[in-house]
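Visitor: got a predicted structure plus its sequence, pasted below:
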Amino acid sequence: MVRLFDAIVVGAGPIGGYLSRKLNEHGHSVLLLEEHNEIGRPFQCAGLVNPRAMETIGLESSILTPIWGANIHSPNGKRVSIGDPNVPRTFSVCRKIFDEAVVMQSIATGTEIMLSTKPISATIEDEFVEVKIDGSNGSETVRCKLLCGADGAHSWVRRKFKMGSPTETMIGFQIEVTGYTGDDGVLDMYTGNGIAPGFFSWAIPTGETTRLGTWSKANLMGGTSSEEFINRLMGDPNLNTRFAECSEVGRFCGPVPSGIVRRPLRERVALFGDAAGICKPTTGGGIGPGFRQVDILVPLLSKGITDNDLNASRMKNISSKLKEMKRDQRKKRALRDAFLTEMDDNELESIFAVWARPEVTDLINEFGDIENPIPLGVKMLREVPEFRRLAGRAAKAILWS
C-alpha cells in the first residue's frame, strides 16, 4: 500500500526540522527525508544563531560562545571595535548538536524520519503529490498533500518544479582552527578586495576553536579560489599576529543563496530556507530568516492541508505573505552594496576613518543590529555627512526600495 502523509519535508537541517515540528503542532502527519546518514553533517555554515531564533527553539545547551561584540578590520589593518559585553548579539553554536536537537523536537511531536533517503521523482496530482523515494531499504512510493523543499542551496525540489533561482549566490569557504588569538566574546571581520572581494572574511570564536571564513561572488573573485583568499588573510602582514599559531582541524565550503526565488510556492509545493533563497545578503545567515518564514507560512499552509486545497491560486496568495521579506532583502542588499560591495580599498579606508570617530562608534553601538542593519544604515546616511557622500549611489535604494 502507498503511505499518505499530510506533508513530506525534504532536508533535515534546522529549517526542515523546525518546519516539521510546526506542521506537527498544527495536527499534521509529516515524513522528513534526509539524504545523509546522520543529522548535522556535512556542516556548511558559520554556526551563528541570533537571540530571537534561539528563544524560538530553546536550545541554549548548543551554545559554544555568546558573542557580544565585533572587531572590524580595514584593508590596511585599522580596527574599529563595537559592542557591549552586557548585551549578547548572537550565539556561536555547535551545529551538530543544534541540528540534531531541532530534528529531535520534530520527532518528539510526531515526525517520521528516514535517513540516507532522497526523492528521485515527484508528480503533482489533483489530490496529492506522488513521490518516489530511494534509500538504504530500497525504493518506495509515498504520497502527500504538500511537498516541502528544505533541501538547501542546490534544492532538488526547486529544480524539479522549476521554481526559479535566488537573486544571487555567494561562495562561502571556512576552516576551523586552534591557536587563533582573538578576544573573548568578540568576532573579527576583515575587509579588503585581496581577501574577500566585495564582502568580508571572519573569525568566529567557538570555545576551544575558531572558525575562519570568507565569502564573495564568483564574478568578483577574478578566478582566485576561496582557499587562496583564506591563505591571503592568514598571511596578511597587518594581521598575521592573530594567525601565527593557527592549526587547521577542519574545512567546509558551500554556496550562500540570497534573494527569494520567483516562485517559492506553487501547487502543492513549497520551498523553505536556503532552497527558497532566504539567506541574509549582509551576513549570509539563514537560520533566523528561515524560522521566520516557517512561522509566517505554516498557519496558512495548515489550513490548506486541512481543506486539501493547495491549488495554484491559493498557493500564490499564501506566497504574497513573503513580500515584506523580499523587500527587506532588497534593502539589506542595497545597504551592503553601499557600504561594502561597491567600495574599493581606498574608499573602505575612508569609511573606517569615519567609523573610528567616537560619536559614530556610539551611533553603531546604539542602533547597530547584526540581524537588522537597516535602521543603522539609514541613521548614518541621514546624520553622518561623509556617509551620504560615500554611499550616495545606494542611498535612494535603501530609503525607498
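Guide: Structure's in. What do you need? Note that the coordinates shown come from a computational prediction; the quantities given were computed from them, not determined experimentally.
Visitor: which ones are touching the residue lying closest to residue 243 once chain neighbours are set aside?
Guide: Leaving out its chain neighbours, the residue that sits closest to residue 243 by C-beta to C-beta, 6 or more residues apart in numbering is residue 234, at 4.2 Å. C-beta coordinates here come from the backbone N, C-alpha and C atoms, glycine included. Residue 234 makes contacts with 212, 240, 243, 246, as judged by C-beta atoms under 8 Å, 6 or more residues apart in numbering.
Visitor: hmm, 7 Å instead?
Guide: 240, 243, 246 (C-beta atoms under 7 Å, 6 or more residues apart in numbering).
Visitor: just the pLDDT at the first one, thanks.
Guide: Residue 240 is assigned a predicted lDDT (pLDDT) of 77.
Visitor: kindly report the same for the one 3 residues further on.
Guide: The per-residue pLDDT reported for residue 243 equals 93.
Visitor: need the longest helix for this structure.
Guide: Longest helix in the chain, counting residues (DSSP state H): helix 287-307.
Visitor: re earlier: my guess is the residue nearest to residue 243 is in a strand, correct?
Guide: No: assessed by DSSP: H, G, I helix; E, B strand; the rest coil, residue 234 does not belong to a strand; its assignment is helix.
Visitor: what's the distance between it and residue 224?
Guide: 15 Å (C-beta to C-beta, to the nearest Å).
Visitor: go on, residue 298?
Guide: 42 Å.
Visitor: so which of the two has more stuff around it?
Guide: residue 298 (23 against 13; other C-beta atoms under 10 Å).
Visitor: the more buried one reaches residue 20, doesn't it?
Guide: No: when contacts are counted by C-beta atoms under 7 Å, residue 298 is not listed as touching residue 20 (10.3 Å).
Visitor: pLDDT on stretch 343-353, on average?
Guide: 90.
Visitor: buried stuff in stretch 83-96?
Guide: 83, 88-95 (16 or more other C-beta atoms under 10 Å).
Visitor: got a list of contacts for it?
Guide: For stretch 83-96, the external contacting residues (C-beta under 7 Å, 6+ apart) are 40-41, 43, 45, 47-51, 54, 62-70, 185-186, 204-206, 365, 370.
Visitor: any weak-confidence spans in the protein?
Guide: Within the chain, the stretches with pLDDT under 70 are 43-44, 369-374, 388-401.
Visitor: any idea which residue sits dead centre in it?
Guide: residue 286 (2.0 Å; C-alpha atoms, centre = their mean).
Visitor: next, give phi and psi for that one.
Guide: phi -130, psi -10 (degrees, to the nearest 10).
Visitor: cool, residue 168 as well?
Guide: phi -150, psi 150.
Visitor: count of neighbours near it?
Guide: Residues near residue 168, counting by other C-beta under 10 Å: 16.
Visitor: packing partners for the one helix or strand residue 123 maps to?
Guide: According to DSSP states H and E, residue 123 maps onto strand 118-124. With contacts taken as 3 or more C-beta pairs under 7 Å, 6 or more residues apart in numbering; DSSP states H and E, strand 118-124 sits against strand 129-135.
Visitor: tell me which strands the strand it packs on pairs with, and in which orientation.
Guide: Here strand 129-135 is paired, per DSSP bridges, with strand 118-124 (antiparallel), strand 138-149 (antiparallel).
Visitor: and those as a markdown table, adding mean neighbour count and distance to residue 229?
Guide: Formatted as a markdown table, the strands paired with strand 129-135 follow (neighbours: other C-beta atoms under 10 Å; distance: least, C-beta to C-beta, whole Å):
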| stretch | mean neighbour count | distance to residue 229 |
| --- | --- | --- |
| strand 118-124 | 15 | 32 |
| strand 138-149 | 20 | 31 |
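Visitor: could I get those strands as JSON lines with distance to residue 199?
Guide: Compiled in JSON lines, the strands paired with strand 129-135 are given as follows (distance: least, C-beta to C-beta, whole Å):
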{"stretch": "strand 118-124", "distance to residue 199": "32"}
{"stretch": "strand 138-149", "distance to residue 199": "27"}
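Visitor: for those, which one sits closest to residue 320?
Guide: Nearest to residue 320, of all these, is strand 138-149, at 17.7 Å by C-beta to C-beta.
Visitor: what's the angle between that closest one and helix 287-307?
Guide: 110 degrees (axes from the mean of the first three to the mean of the last three C-alpha atoms, to 10 degrees).
Visitor: contact partners of strand 138-149?
Guide: 2-11, 19, 31, 122, 128-133, 155, 157-158, 268-272, 275, 301, 305, 308, 310.
Visitor: just the CA trace of that strand, in PDB.
Guide: Extracted C-alpha coordinates of strand 138-149, given in PDB (Å, rounded to 0.1, in the frame of the first residue of the first chain):
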ATOM      1  CA  GLY A 138      15.300   0.300  -1.500                       C
ATOM      2  CA  SER A 139      12.600   2.300  -3.300                       C
ATOM      3  CA  GLU A 140       9.200   3.300  -2.100                       C
ATOM      4  CA  THR A 141       6.300   5.400  -3.400                       C
ATOM      5  CA  VAL A 142       4.700   7.800  -0.900                       C
ATOM      6  CA  ARG A 143       2.000  10.500  -1.200                       C
ATOM      7  CA  CYS A 144       1.500  13.800   0.500                       C
ATOM      8  CA  LYS A 145      -0.900  16.700   0.300                       C
ATOM      9  CA  LEU A 146       2.100  19.200   0.500                       C
ATOM     10  CA  LEU A 147       5.700  18.600  -0.600                       C
ATOM     11  CA  CYS A 148       8.200  20.900   1.100                       C
ATOM     12  CA  GLY A 149      11.700  21.600  -0.100                       C
END
